[in-house]
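> Need the 3D shape of this:
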Amino acid sequence: MLNKYSDENKMIAMGFLSYINDLKDLDNMEQELKLYSEDENRQLYLWKSNIEDYSGIVALSFSENTVFIEYISLNPSYRSQSNIFKIFDDIQQRFPNYVMLGNFGLSEQLQHWRQNKKKLEKDTKEND
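Residues are numbered from 1 along each chain as shown. Next up is the predicted model:
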């Protein structure tokens, strides 16, 4: 589940951002949070798995009909393809009218996710 970032979750967000090499420096992290707070085309979301606690953070940017996944930073114990796929599902559910794209590191996973979804849809139709 994606929950939009707010200042009351700043410390939680900073914890997940600290897993990103470029944001380990406190000044860089503060600038990143400021950027996402001030730019209406950028949004940060805290991600919850099925458990109560937050498990990661997702940075999105938007253009006309595109949602671009800038990065995903997860707690190390939640770093798996299945959780990345759950995040993609959550993004698609929240922004159904947008085309979802990802950074260089996520583009291959997005491709696998799309293939997996098509296969599931095909299997579901064949079983009906």
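> ok, now which ones touch the nearest residue to Leu17 once chain neighbours are set aside?
If the residues on either side of it in the chain are set aside, Leu17 comes closest to Leu23, at 4.6 Å by C-beta to C-beta, 6 or more residues apart in numbering. Glycine gets a C-beta too; all of them are placed from N, C-alpha and C. When contacts are counted by C-beta atoms under 8 Å, 6 or more residues apart in numbering, Leu23 is found next to 17, 29, 32.
> And the strands in this structure?
Along the chain, counting by DSSP state E, strands occupy 2-4, 42-48, 54-62, 66-74, 99-102.
> can you redo those strands as a markdown table with distance to Tyr36?
As requested, the strands of the chain are arranged in a markdown table below (distance: least, C-beta to C-beta, whole Å):
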| stretch | distance to Tyr36 |
| --- | --- |
| strand 2-4 | 10 |
| strand 42-48 | 5 |
| strand 54-62 | 7 |
| strand 66-74 | 9 |
| strand 99-102 | 17 |
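> Which positions in stretch 109-123 come out as buried?
Neighbour-count burial for stretch 109-123, with 16 or more other C-beta atoms under 10 Å as criterion, is recorded at 109-110, 113.
> rewinding a little: output the strands of the chain as JSON lines; include the columns distance to Gln92, mean neighbour count and mean pLDDT.
Converted to JSON lines, those look like this (distance: least, C-beta to C-beta, whole Å; neighbours: other C-beta atoms under 10 Å; pLDDT from 0 to 100):
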{"stretch": "strand 2-4", "distance to Gln92": "11", "mean neighbour count": "14", "mean pLDDT": "94"}
{"stretch": "strand 42-48", "distance to Gln92": "13", "mean neighbour count": "20", "mean pLDDT": "96"}
{"stretch": "strand 54-62", "distance to Gln92": "12", "mean neighbour count": "20", "mean pLDDT": "97"}
{"stretch": "strand 66-74", "distance to Gln92": "9", "mean neighbour count": "19", "mean pLDDT": "97"}
{"stretch": "strand 99-102", "distance to Gln92": "6", "mean neighbour count": "16", "mean pLDDT": "96"}
